[in-house]
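**Student:** below: sequence and its predicted model.
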Amino acid sequence: MQAQGIPVISLLAFVVMPDFPRRCRDVALASSLLLMGTAQAQDAQASATQVDWSASVRLQTESVHPDERSAASPYTGLRDAYSRVGVSVQHALSPGLTLSGQLELPLDLANLSVQDPYDQGDNGHDHPERLRIARIGLQGNWGALHWGQQWMPYYNAVSAPVDAFSSYYSGFATYTVFRVRHTVAYTSPSFQGLSVSAAYAPAKGNRRSTSRIDDERVQVALSYDLGATRLAAALDDRGDAGYGRNRLYGLSASHQAGAWQVAAKYERFDTGNHAPGSFSRDGNEAVNLLVTHQRGANTYKAMLARVEGYGENIVHLGIDHQYKPQLKFFAEFYSESETAALTTRSEGLSGFRAAASGGHVWVLGLRHDF
């Protein structure tokens, strides 16, 4: 049987046998993607189409200690740290114009499922998130235009510079959402280091994101790259959400000096929400400071943050050890004074327990890229 036939059979099993055990169908879907990527990569060698497939296994052992034990019990267990498998395709339509597509599936290896380890369903949505990225687009001298589930401009400009850790707990110290379905996004080319990006997501996409907001979302971001220094500003209009206005403003700055990197971000809510202790309360602020230092095979990381209404005082420390080019080990400590990232065992958003009042986590993990 040709290699192309194997993934077709696996996909048919996934589609036409809805009563087949979910985890078995998830494994079939993930293996199909890998096999299709391999087959397409072989075919692409004889054409102008470029096909790349990738996979990354990211697992951690964690010791979780909530501050309020009556709301959530301490435990030691296994958690996925955003493993994934994906395929990307680029095809030159003409000189200077490229058609591209990208599909990336989340692998929750701790729960043996194809799902986002954080968005496992519930909490406003019945089904887990089974896509990380699913987008198509065009790229040319005029910039890039994409449609589908993809990284959002606000995150790329403001939050990404301080999202540097390897564990599951990376990226929580921000107010924005990472990816949204049905999004139309445009990124301009760089004009002497200056670039603009913008995105629009309809209510059905915003509602399906981890924000669970039943309204459209608009984002605009401005970035200025000065070589070793990068500055950015962005707006995230999250939709009405019953508040009349629901906007998030953000600034970020980062600088690379040899083996040292320093990054900082600032966010502020401008909303009609005045409820005490609320996540999106008007005037809530987030401030982050990240410092990393690379020495040999080791990278040392430290971040201090204060995110009002979502973690409050946060300390995140970590060490990465690059054992081989494709294999990395990491150890981290994460602490928050109010609950934001901590959940019950192997759960994500659905295991959020605000009454746990924060806590701390010790993590040992590995990442292997294929």
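**Tutor:** Everything's here; your move.

**Student:** which parts of the stretch 51-200 of the chain are helices?
**Tutor:** Using DSSP state H, counting those that start in this stretch, the helices of the stretch 51-200 of the chain run over 153-154.

**Student:** may I ask which helix or strand of the protein has the lowest mean pLDDT?
**Tutor:** Within the chain, no helix or strand scores below helix 5-16, which has a mean of 38 by mean pLDDT, DSSP states H and E.

**Student:** point out where this protein drops to low pLDDT.
**Tutor:** Where the chain drops to pLDDT under 70, the residues are 1-47, 123-124, 241.

**Student:** pick out the residue nearest the middle of it.
**Tutor:** In the chain, the centroid-proximal residue (Cα atoms, centre = their mean) is Phe178; its distance is 5.1 Å.

**Student:** hang on, isn't that one packed against Met152?
**Tutor:** Yes - with contacts counted by Cβ atoms under 8 Å, Phe178 reaches Met152, the gap being 6.7 Å. Where C-beta positions appear, they are placed from N, C-alpha and C, glycine not excepted.

**Student:** count of neighbours near the residue nearest to the residue nearest to the centre of the chain when sequence neighbours are not counted?
**Tutor:** Computed as Cβ to Cβ, 6 or more residues apart in numbering, the closest residue to Phe178 that is not its neighbour in sequence is Tyr155, at 5.2 Å. Tyr155 has 22 neighbouring residues, counting by other Cβ atoms under 10 Å.

**Student:** verify the stated contact: Tyr155 with Val177.
**Tutor:** Yes - using Cβ under 8 Å, Tyr155 is in contact with Val177, at 7.4 Å.

**Student:** find residues that contact each of those two.
**Tutor:** Where contact means Cβ atoms under 8 Å, 6 or more residues apart in numbering, no residue is in contact with each of Tyr155 and Val177.

**Student:** which parts of the strand ranked longest in the chain are buried?
**Tutor:** Across the chain, the longest stretch assigned as strand under DSSP state E is strand 50-66. Neighbour-count burial for strand 50-66, with 16 or more other Cβ atoms under 10 Å as criterion, is recorded at Val51, Trp53, Ala55, Ser56, Val57, Arg58, Leu59, Gln60, Glu62, Val64, His65, Pro66.

**Student:** of all the residues you listed, which comes closest to Pro95?
**Tutor:** Looking at the buried residues of strand 50-66 and their distance to Pro95, the nearest is Val51, at 20.3 Å (Cβ to Cβ).

**Student:** for Gln102, see how far away the closest one is.
**Tutor:** Between Val51 and Gln102 the computed distance is 11 Å (Cβ to Cβ, to the nearest Å).

**Student:** what's the overlap in contacts for those two?
**Tutor:** Val87, Ser88, Val89.

**Student:** return the member of those nearest to His368.
**Tutor:** Of all the shared contacts of Val51 and Gln102, His368 sits closest to Val87, with 18.5 Å by Cβ to Cβ.

**Student:** quick check, the closest one in contact with Trp53.
**Tutor:** Yes - when contacts are counted by Cβ under 8 Å, Val87 is listed as touching Trp53 (4.7 Å).

**Student:** ok, back up a step: where does the residue nearest to the centre of the chain fall, phi/psi-wise?
**Tutor:** Main-chain dihedrals, Phe178, degrees, to the nearest 10: phi -80, psi -50.

**Student:** check the offset of stretch 164-172 from the chain's centre.
**Tutor:** 9 Å (Cα atoms, centre = their mean, to the nearest Å).
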